[in-house]
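Chemist: Turn this into a model:
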Amino acid sequence: MSALDHVVFLKFGAYSTADLSINTIPLKVTSMSISTNKTIPSVEVPLSGALSGESITAALDLGMASKSVSLQGFITEQAINKKWSESDAPTGAKTYTPIEIAQMIHSSVDSTGIQTYQSINELVFLYDSKVGNDGNSRTAVSIPFTYASRGDEGKLDNYGTRDDLKSDFPTSSTSEGMKGFIRSFETTIDSETIDVSFNLQFEIAEVFPSGKVATKLADALS
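Modeler: From the prediction side, this is the model:
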């Protein structure tokens, strides 16, 4: 699928490069389920069956849906390259044990979006795509799974959308994945193996506060 060793990554809030080896945690996932639940208020229309012989339910589509991803797998010892803004911060990838990586993710769940070097706010799941944003066939490219649709503003699948509001369809493995937060993270430490198994629930959402908000507050108070 890809030249990368992994196809699932967790990105820290401080991720700002086109390099999936920096400020990310690669995961070995054995199973994944993606859930999309539509929220539409509905009501049965009184007397509709008496007049037409067929009852009618009226529904109002307000554009609401909940989206989440469930992951199961295991964490192995691996090199992670974390870069900080401090000039004296260590550079280069460091080898972390499975428990160290698990601890890092648990710490992220316990933090807020303000701690951009600690919190995780994006899930990347790469898959092969043979149809581009223009609707034409292409050589298979690994792109992140997202809820974006193909086409420019008002075209193809994006008919009826505004360009300044819609998400861009992914073009490469470093395109933006699913933004949100880790709802829950469970790990099992087994004495018979050095790997750490995990269950992770990720919810797609616009998260507030974020690091940008913290920066603006700091500027305002300085």
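
Chemist: Check the offset of the longest strand seen in the chain from the chain's centre.
Modeler: Criterion DSSP state E: the longest strand present in the chain is strand 24-39. Computed by Cα atoms, centre = their mean, to the nearest Å, the chain-centroid distance of strand 24-39 equals 8 Å.

Chemist: What residues of stretch 63-72 count as buried?
Modeler: 68-69, 71 (16 or more other Cβ atoms under 10 Å). No exception for glycine: its C-beta is placed from N, CA and C like everyone else's.

Chemist: which residues does Arg92 contact?
Modeler: You called it Arg, but residue 92 is Gly. Asn81 (Cβ atoms under 8 Å, 6 or more residues apart in numbering).

Chemist: Excluding covalently adjacent residues, which one is nearest to Asn37?
Modeler: Ser66 (4.8 Å; Cβ to Cβ, 6 or more residues apart in numbering).

Chemist: Which strands or helices does the helix or strand that contains that neighbour pack on?
Modeler: Here Ser66 sits within strand 64-75, counting by DSSP states H and E. Here strand 64-75 touches strand 24-39, helix 98-109, strand 178-189, strand 196-204, going by 3 or more Cβ pairs under 8 Å, 6 or more residues apart in numbering; DSSP states H and E.

Chemist: that older thread, run through the neighbouring helices and strands of the longest strand of the chain.
Modeler: By 3+ Cβ pairs under 8 Å, 6+ apart, strand 24-39 packs against strand 8-12, strand 64-75, strand 78-80, helix 98-109, strand 120-131.

Chemist: Would you mind listing the buried residues in that strand?
Modeler: Of all the residues in strand 24-39, those buried under the rule 16+ other Cβ under 10 Å are 24-29, 32.

Chemist: about what we covered before: pLDDT score for the residue nearest to Asn37?
Modeler: pLDDT for Ser66: 93.

Chemist: tell me the contacts of it?
Modeler: Ser66 touches 35-37, 39, 203, counting by Cβ under 8 Å, 6+ apart.

Chemist: how near is it to Ile75?
Modeler: Going from Ser66 to Ile75 by Cβ to Cβ, to the nearest Å gives 27 Å.

Chemist: for Gly53, same thing?
Modeler: Gly53 is 60 Å from Ile75, by Cβ to Cβ.

Chemist: ok, now Thr187?
Modeler: 8 Å.

Chemist: How about Thr17?
Modeler: 23 Å.

Chemist: Name the residue in these two with the higher neighbour count.
Modeler: Counted by other Cβ atoms under 10 Å, Thr17 and Ile75 do not tie: Ile75 has more neighbours, with 24 against 12.

Chemist: Who does that one form a beta bridge with?
Modeler: Per DSSP bridges, the residues bridged to Ile75 are Val196.

Chemist: Number of residues surrounding the closest residue to Ser149 other than its chain neighbours?
Modeler: Distances taken as Cβ to Cβ, 6+ apart put Asp157 closest to Ser149, at 3.7 Å, once the chain neighbours are dropped. Applying other Cβ under 10 Å, we find 13 residues neighbouring Asp157.

Chemist: give the contact list for Asp157.
Modeler: Neighbouring residues of Asp157 by Cβ under 8 Å, 6+ apart: 149-151.
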